[in-house]
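Q: Predicted model, plus sequence, below.
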Amino acid sequence: MVQILSIGELIHTYRHKQGMALSQLTTLTGIHKATISKIENGEVRRPEYATIQPLARALNVPLKEFIELYVTVERRAEPLLRVLKDVLQQGENAALVRTVGAAFLASTSDDSYTLVEQLHDFSTTVELKTMRLTLYQLNRRLFSRPWHYAILSERVISGLPD
């Protein structure tokens, strides 16, 4: 099996596997043919998530494969937070949540403290207890003292319904 190294290669590979023309993909997604072509040819190295997510869905690209590749090229916190929300909406997948959360915390767009705070704030909105705790465990690695994590965990647990 050929290793796919870019988002463009991924889209191109799945489109060809399905025998789909660019015009067909355009019809399914509403994304202009030229834009899809530029993504596939590597002219757009870091396409916006809002652009490639409908392409991946239309081509039935497995979420895990698509997201794991996307987080290798996206380094901005805001788009990564959108990806994290999407992953959580798609269902319970702790490993993928950890992957995206770790990419978010490694973002180059903000300092570590701000990113930890943003992830903490976001985590409080996550309804599924196991996914909320998964996100808090990511923050644990960034705390220098165990009591920081103990306080954070207590906030998580006390704020959760049984």
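A: Nice, I can see it. These numbers come from a predicted model, not from an experiment.
Q: tally of neighbours for Ala5?
A: I think there's a mix-up here, since residue 5 is Leu and not Ala. 11 (other CB atoms under 10 Å). C-beta coordinates here come from the backbone N, C-alpha and C atoms, glycine included.
Q: Determine the three-state secondary structure at it.
A: coil (DSSP: H, G, I helix; E, B strand; the rest coil).
Q: Tell me who's in contact with it.
A: Residues counted as contacts of Leu5 (CB atoms under 8 Å, 6 or more residues apart in numbering): none.
Q: now it: how far from Val73?
A: For Leu5, the distance to Val73 equals 10 Å [CB to CB, to the nearest Å].
Q: Over to Glu9?
A: From Glu9 to Val73 the distance is 12 Å (CB to CB).
Q: between those two, which one's more packed in?
A: Higher neighbour count among Glu9 and Val73: Glu9, with 17 against 12, using other CB under 10 Å.
Q: who are the neighbours in contact with the more buried one?
A: By CB under 8 Å, 6+ apart, the residues touching Glu9 are 40, 42.
Q: How about Gln18?
A: Contacts of Gln18 by CB under 8 Å, 6+ apart are 59-60.
Q: The same query, at a cut-off of 6 Å, please.
A: By CB atoms under 6 Å, 6 or more residues apart in numbering, Gln18 lies in contact with nothing.
Q: what pLDDT does it get?
A: Gln18 carries a pLDDT value of 95.
Q: The one 5 residues further on too?
A: According to the model's per-residue confidence, Ser23 sits at a pLDDT of 96.
Q: For it, list the residues it contacts.
A: Counting by CB under 6 Å, 6+ apart, Ser23 has no contacts.
Q: The most centrally placed residue in the chain sits in which helix or strand?
A: By CA atoms, centre = their mean, the mean C-alpha position of the chain lies nearest to Val83, the distance being 3.4 Å. Using DSSP states H and E, the element containing Val83 is helix 77-90.
Q: Can you spell out which helices and strands pack onto that helix?
A: helix 49-58, helix 94-105 (3 or more CB pairs under 6 Å, 6 or more residues apart in numbering; DSSP states H and E).
Q: Let's have these in JSON lines, adding mean neighbour count.
A: Below are the helices and strands packed on helix 77-90 laid out as JSON lines (neighbours: other CB atoms under 10 Å):
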{"stretch": "helix 49-58", "mean neighbour count": "19"}
{"stretch": "helix 94-105", "mean neighbour count": "20"}
